[in-house]
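Trainee: one predicted model, sequence on top.
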Amino acid sequence: MNTTTLVIGATGNVGKELVKILANHGHPVRATVRSTTRTDELKSMAVETVVADIGDPSALKAAMNGIEKIFFVTPAAPQMMELSSNIIQAAKDTGVKHLVKLSGADADLEAVTLTKWHRAVEKEIERSGIAYTFLRPNSFMQNIVNFNSQTIKDHGTFYAPMGDQGIALVDARDIAKVAFHALTTVGHENKAYYLSGPSAISYSEIADILSSVIGKPVKYVDVPDDMARQAMLDAGTPGVIVDAIMELNHLNKLGKAASVSRTVEEITGQKATSFERFVRDYKSAFIG
Ligand SMILES: NC(=O)c1ccc[n+]([C@@H]2O[C@H](COP(=O)([O-])OP(=O)(O)OC[C@H]3O[C@@H](n4cnc5c(N)ncnc54)[C@H](OP(=O)(O)O)[C@@H]3O)[C@@H](O)[C@H]2O)c1
């Protein structure tokens, strides 16, 4: 009999796709939400929802009642370690057997702030004695929708401080598919998977693909770092997060995010989604 899987971060880029896959395969799913205003889509898929903030250890323990496997996401913020500790401790206390953590590419290198945060959480999981799978994806294709689609819609241009090296962007739906396999098949215990798309593409190539798929010219503008930094600060992003994002952008500019792995295909049996396919699927997000 399938036991219920708990998804923490079920309204996010990866979590919402994972919930869909589990539900479509008839696997019982429990999803944590912070607010009941965000439960309609989950309920329409017959997913059980529980209100639990990751900052609330007792709510987390209650959400883990009867749970053996958990997929979790914690925010890319300095609180990541503390919030993840709450999850790990509650999992220990309630006898959870397997944790699938959404981490980040090159977490093991601990070269920049974000990967240091992710690796600190991974190490705590390793020490917990609970079986784990670490998913270490490259940057998500969905970032282009979340951060760039508005200006593409408005005036066919998008702005980023990314230089023009190739980046092996990965589709969050593919990460969710890998998570599904890690949770529902054996052999993924105590493994870490670097996940990328099928090829490394530059931001100019991204603009070309967008232009051809949506049928109107799209231009990429490589903005200077100080301008990008100020724009994020003006938008209310805390300085510590701005610094962490700029560190990652710097690695992208140096071509350090270009490695292509075949892990998505090896684990799911399906080829990783190309950026062209991604834009076809999300076309409406780019059309005004
Ligand atoms: N974006 C990238 O390119 C990229 C690449 C590699 C790794 N990552 C890693 O991926 C993670 C983000 O994943 P994502 O993009 O799928 O998530 P996301 O879209 O940012 O969503 C975050 C999820 O976590 C939930 N959440 C946040 N704080 C919470 C709290 N205190 N209590 C309960 N739930 C909380 C949110 O719920 P609400 O609906 O209530 O807000 C939402 O479901 C980060 O750790 C990041 O470092 C991202």
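Mentor: Sure thing, it's come through. Numbering: from 1, shown residues only.

Trainee: C-alpha only now, for contacts and for neighbours.
Mentor: Will do.

Trainee: how about the helix or strand of the chain with the lowest mean pLDDT: buried residues?
Mentor: In the chain, the helix or strand scored least confidently by mean pLDDT, DSSP states H and E is helix 40-44, which has a mean of 84. Under the neighbour-count criterion of 16 or more other CA atoms under 10 Å, helix 40-44 has residue 42 buried.

Trainee: which helices and strands does the helix or strand following that helix pack with?
Mentor: Next along the chain after helix 40-44, taking DSSP states H and E as the criterion, comes strand 48-51. Applying 3 or more CA pairs under 8 Å, 6 or more residues apart in numbering; DSSP states H and E, we find strand 48-51 packed against strand 29-33, helix 40-44.

Trainee: tell me how many other residues surround the residue in the stretch 151-288 of the chain positioned nearest to the ligand.
Mentor: In the stretch 151-288 of the chain, the residue that lies nearest the ligand is residue 172 (7.3 Å; CA to the nearest ligand atom). Other residues near residue 172 come to 27 when the count uses other CA atoms under 10 Å.

Trainee: isn't it up against residue 143?
Mentor: No: the criterion here is CA atoms under 8 Å, and residue 172 misses it with residue 143 at 9.5 Å.

Trainee: so is the least confident helix or strand of the chain next to the ligand?
Mentor: No: with CA under 6 Å from any ligand atom as the criterion, the ligand is not reached by helix 40-44; the gap is at least 11.6 Å.

Trainee: what pLDDT does the residue of the stretch 151-288 of the chain closest to the ligand get?
Mentor: As predicted, residue 172 sits at a pLDDT of 98.

Trainee: then residue 1?
Mentor: pLDDT at residue 1 comes out at 53.

Trainee: residues in the protein within reach of the ligand, list them.
Mentor: Within the chain, the positions adjacent to the ligand are 9-15, 33-34, 53-55, 73-76, 102-104, 137-140, 143 by CA under 6 Å from any ligand atom.
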